[in-house]
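1. the following block contains a protein sequence and its predicted model.
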Amino acid sequence: MKSGFIWTLLKTVLGLSLVWTFSMADTSCLGFYKPSKLNESKISREIHFKNLNHSEYDVVIIGGGSAGLGSALDATTRGLKTLLVEADDFASETSSKSTKLLHGGVRYLEQLWTKLLTQREWDQTLYNLIRDALKERKTVIENAPNLAQPLALLTPIYSWPEVPYYWAGLKVYDLFAGKKGKLPNSHFISAEQIKKFYPQINANGLKGGVVYYDGQFNDSRLAIGLAKTAVANGATLLNHARVVGFEKEGEKIVGVQVKDMISGETYTVKSKTVLNATGPFADKLRQMDDPSVPAMISGASGTHLVLDKEFALPEAGILIPKTSDGRVLFVLPWEGKTLIGTTDSKSDVVEKPKTTEDDIAYLIKEVSQYLSQPITRADVKSYWTGIRPLVSDPSASDTAALARDHVINRNPKSGLITLTGGKWTTYRVMGEHAIDQVMTQLGLDPKMVSSKTDHLKLAGSANWSFDNYRNLMNQYKLPSDIAIYLNRIYAGEAKNLLDTYPQAHERMSEGLPFIWAEVYYAVHFESARSITDVLARRVRMATMDKLETKRVLDKVGKILARELGWSEEQLKEDLEKARVEFQIE
């Protein structure tokens, strides 16, 4: 096939797809359900539990990760009476262990391109995945500007034939984003410029590089923002609440049995529909409902490392397009540190996976080849491993070749709806599609009560500006790094945090911007109920520095014990649980 024909085919298909995308009209109108009144975004766990036995919900959502929280926000803003239950904490598994990137998938683009050139076949499904993700990438940045921002990514190139290959590929990436998903355009940068501006890059044999743009975000804080926004719009959210059974009339699910994992009490909750959004654990619930259904999930483990900031480029990341075993790696500036990841290996689906020394050594070895300063094991400040859900054939050996698109499955006998697959970037559209299915099952037309989340700012982010940190510095006499951090993480809620706990503005750890007021705020405003809830997902110290986490562990535990009324035995158990999960002695 001639190259001219390939380009013609590519442009024709792309043009038709973009015309279809931009011509879709907004068909929303006044729906059957009245939208909920906006309330305070505080997550009041105990108050929510009191109403469970006396309520019937339109939808119960099981799972408090990105898919579940996105679905809960979509459902409640459409006026559905919504309950979300999470067995552990919000974003306690995969959704807090990501690479922190909002992306369309450069690797998927390469798969699409290779398939077109070698097999003369256009993969519309893969194209749709990339295009939709690029649009959603921009949507997340606009709806949570304090937590998500564009990020430049440099691909260093060490072979002249690869220069046009990567330049052209990333120009197509820009093109696929269209007007709705557009970020700054990609561009070539010479080897001399890289040596001058990015001395961290290994210059031996360097020919140049291509800079392109994706988004970066704070995953667990975005999850908390989604939770608060859903609550503010009328949803009921419960963490540490496990679904232990289904209520049925015949074969049809009409409710769930929810166990409070803190008190041990079990509640029977009536619901017209149930959505399973438990990520890699979706098969467990599907088979609890119907043991005969085949598994649809396989797992891929991804390990990340955190180092001091000097290993990262200033305000830019590095894309390593191909490791010795064909993987893709990133070296990213993140929260004042350097984030490296990820491995991508077939894995059993387990809770709280442990990071191995082999995975740490692999990342150090592969990344060191691209840096002027080699990494040692002693440079690693923290690490974590998560399990990503892949909708795939479990017998497949190479998880990197599998697309992480989302799938919605409905059991026709019980009515259980399952949402699985996907990624953080597309959490909003995943929720929209899942709740469209819920609406259909409720006998409502999704087009008549359409999604409201496309332009919905998350809690606290309305009128946010980076420069607001100056007001915090002046009013509360804060160091600049703390003021900048609080402004980004809490946005419009930062003053409430500081005013509510005026005696706890002290820094928790030298060199990190966290303050003790955040621990109290996590408990009383963000439903944190364990040390790991606080240090892994509210105050992200465990993600950034294990030694400092170890140093503050006992004090954090004592604060929680006092605020939550723990016994000495409960405190001891929670401290041990935190040490095991954080892999610290």
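-> Cool, the structure landed.
2. please enumerate the helices of the stretch 451-585 of the chain.
-> Applying DSSP state H, counting those that start in this stretch to the stretch 451-585 of the chain gives helices spanning 469-476, 480-490, 494-500, 517-525, 531-532, 541-544, 546-564, 568-582.
3. show me what the first one is in contact with.
-> It refers to helix 469-476. Helix 469-476 is contacted by residues 478-480, 483-484, 486-488, 494-495, 498, 505 when judged by CB atoms under 8 Å, 6 or more residues apart in numbering. (C-beta placed from N, C-alpha, C; glycine too.)
4. change it to 10 Å
-> Helix 469-476 has contacts (CB atoms under 10 Å, 6 or more residues apart in numbering) with 465, 478-488, 490, 494-495, 498-499, 502, 505.
5. ok, the closest residue to Pro145 other than its chain neighbours - how many residues close by?
-> Spatial nearest neighbour of Pro145, chain neighbours left out: Trp464 (5.5 Å); criterion: CB to CB, 6 or more residues apart in numbering. Trp464 sits with 18 neighbouring residues when counted by other CB atoms under 10 Å.
6. how about Trp464, what does it touch?
-> Applying CB under 10 Å, 6+ apart to Trp464 gives the contacts 144-147, 457-458, 487-488, 491-492.
7. swap in Leu101?
-> Here Leu101 is in contact with 137, 151, 153, 214-217, 219, 317, 319, 330, 332, 334, 339, 341-342, 423-425 (CB under 10 Å, 6+ apart).
8. which of the residues you listed fall in strands?
-> For these, the ones inside strands are 151, 153, 214-217, 317, 319, 330, 332, 334, 339, 341, with DSSP state E as the criterion.
9. check the residues you listed and tell me the two furthest apart.
-> Greatest spacing in the ones in strands among the contacts of Leu101, by CB to CB: Phe217 and Leu319 (17.1 Å).
10. pull the contacting residues for Leu571.
-> Taking CB under 10 Å, 6+ apart as the contact definition, Leu571 lies against 531, 554, 557-558, 560-562, 564.
11. again, only using 6 Å
-> Applying CB atoms under 6 Å, 6 or more residues apart in numbering, we find Leu571 in contact with 557, 561.
12. equivalent analysis for Pro389, please.
-> Pro389 neighbours (CB under 6 Å, 6+ apart): 279-280, 297, 420-421.
13. could you rerun that using 10 Å?
-> Pro389 touches 65, 67, 93-94, 278-283, 296-300, 349, 404, 406-407, 420-423, counting by CB under 10 Å, 6+ apart.
14. just the buried ones from the contacts of helix 469-476, in PyMOL syntax?
-> Selection of the buried residues among the contacts of helix 469-476 in PyMOL, burial being defined by 16 or more other CB atoms under 10 Å:
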select buried, resi 478+482+483+484+485+486+487+488+490+494+495+498+505
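15. do you know how far Ala227 is from Asp290?
-> 30 Å (CB to CB, to the nearest Å).
16. and these two? which has more neighbours close in?
-> Counted by other CB under 10 Å, Ala227 and Asp290 do not tie: Ala227 has more neighbours, with 28 against 13.
17. doesn't Glu526 make contact with that one?
-> Yes. Using CB atoms under 10 Å, Ala227 is in contact with Glu526, at 7.9 Å.
18. who touches both of these two?
-> Counting by CB under 10 Å, 6+ apart, the residues touching both Ala227 and Glu526 are 41, 43, 90, 239.
19. in CSV, list these along with secondary structure, neighbour count and distance to Ala72.
-> Converted to CSV, the shared contacts of Ala227 and Glu526 look like this (DSSP: H, G, I helix; E, B strand; the rest coil; neighbours: other CB atoms under 10 Å; distance: CB to CB, whole Å):
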residue, secondary structure, neighbour count, distance to Ala72
Ser41, coil, 21, 13
Ile43, coil, 23, 12
Phe90, coil, 30, 10
Asn239, coil, 26, 12
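20. tell me the least confident of the residues you listed?
-> Lowest pLDDT within the shared contacts of Ala227 and Glu526 is found at Ser41 (77).
21. Leu512 versus that residue, what's the distance?
-> From Ser41 to Leu512 the distance is 26 Å (CB to CB).
22. tell me how far Gln287 lies from Glu93.
-> Distance from Gln287 to Glu93, by CB to CB: 18 Å.
23. noted, bye for now.
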